[in-house]
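Trainee: Requesting a structural model of the entry that follows:
(one chain, ligands or ions: 1)
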Amino acid sequence: MEYNSDIKNIIVIPSHIGIIMDGNGRWAKKRNLPRSSGHVAGASNFKKITRYAAKIGVKHLTMYAFSTENWKRPKAEISALMTLFKVYLEDALQNFLDENIKINFLGDTSAFPNSLQNLIRDVIDVSSKKTGMVLNLAMNYGGRTEISDAVKCIVRD
Ligand code: FPP
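Mentor: Now for the predicted structure:
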């Protein structure tokens, strides 16, 4: 994807873009590849999209990466996704943060393996002072879960 510095003069840049990734498995199946290859290709595209969105001046980018329902997938696929999350976040720590991108997490990340939770903490920590595009990663997120968590909070208060 080429960045055209004149793009801001041609189109209106949305301030917030939300992406729900879908079709990774079908993309892979069409090519006789395992579903996990579809996720690898999806993550790589999303990396390009993140950088491009930041460059053209999008203020917020929200990506639905893993739903509360996704835990029902085969173990091997979940394990491949956990590895991909790590690779993506390690790359983000090395590169995105230099590009002033701030990363937030939506969802209950306490369900992820400890190594991934530590990485998430590092990203939040390093990210906290960044002032550029906000990248919201929805991981172990679900609309119903969010509502029921909010109700539990209200009852507790
Ligand atoms: C939906 O495609 C995709 C997912 C459930 C996983 C998406 C996440 C990644 C690729 C990792 C990216 C990492 C970060 C941190 C942004 P699908 O499996 O539902 O495809 P299908 O509809 O063809 O079955």
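Trainee: When you work out contacts or count neighbours from here on, use the C-alpha atoms and nothing else.
Mentor: Fine.
Trainee: Residue 105 sits in which helix or strand?
Mentor: According to DSSP states H and E, residue 105 maps onto strand 102-106.
Trainee: Which strands and helices lie in contact with that strand?
Mentor: helix 114-127, strand 134-141 (3 or more Cα pairs under 8 Å, 6 or more residues apart in numbering; DSSP states H and E).
Trainee: mind checking which of those is nearest residue 69?
Mentor: strand 134-141 (8.1 Å; Cα to Cα).
Trainee: mind listing what that closest one pairs with, with the direction of each?
Mentor: Take DSSP bridges as the rule and strand 134-141 pairs in its sheet with strand 60-67 (parallel), strand 102-106 (parallel).
Trainee: how about the last one against the ligand, any contact?
Mentor: No: Strand 102-106 stays out of contact with the ligand when judged by Cα under 6 Å from any ligand atom, the minimum separation being 9.7 Å.
Trainee: what's the angle from that strand to helix 114-127?
Mentor: For strand 102-106 against helix 114-127, the angle by axes from the mean of the first three to the mean of the last three Cα atoms, to 10 degrees is 140 degrees.
Trainee: same check, this time on the longest one
Mentor: Between the direction of strand 60-67 and that of helix 114-127, the angle (the same axes, to 10 degrees) works out to 170 degrees.
Trainee: any bit of strand 60-67 sitting next to the ligand?
Mentor: Yes: using Cα under 6 Å from any ligand atom, we find that strand 60-67 touches the ligand at 65-66.
Trainee: What residues sit buried inside that strand?
Mentor: Applying a neighbour-count criterion of 16 or more other Cα atoms under 10 Å, one finds 60-66 buried in strand 60-67.
Trainee: which stretches of this protein have low pLDDT?
Mentor: Counting by pLDDT under 70, the chain shows low-confidence ranges at 1-10.
Trainee: Please name the bridge partners of the residue most central in space within the chain.
Mentor: Per Cα atoms, centre = their mean, the C-alpha nearest to the average position across the chain is that of residue 137, at 3.6 Å. With DSSP bridges applied, residue 137 shows beta-bridge pairing to residue 63, residue 105.
Trainee: residues touching it, list them.
Mentor: Going by Cα atoms under 8 Å, 6 or more residues apart in numbering, residue 137 touches 62-65, 103-106.
Trainee: One more: residue 32?
Mentor: Neighbour list for residue 32: empty [criterion: Cα under 8 Å, 6+ apart].
Trainee: Could you measure from the closest residue to residue 107 other than its chain neighbours over to residue 103?
Mentor: Using Cα to Cα, 6 or more residues apart in numbering and skipping the chain neighbours, the partner closest in space to residue 107 is residue 141 (4.1 Å). Distance, residue 141 to residue 103, using Cα to Cα, to the nearest Å: 16 Å.
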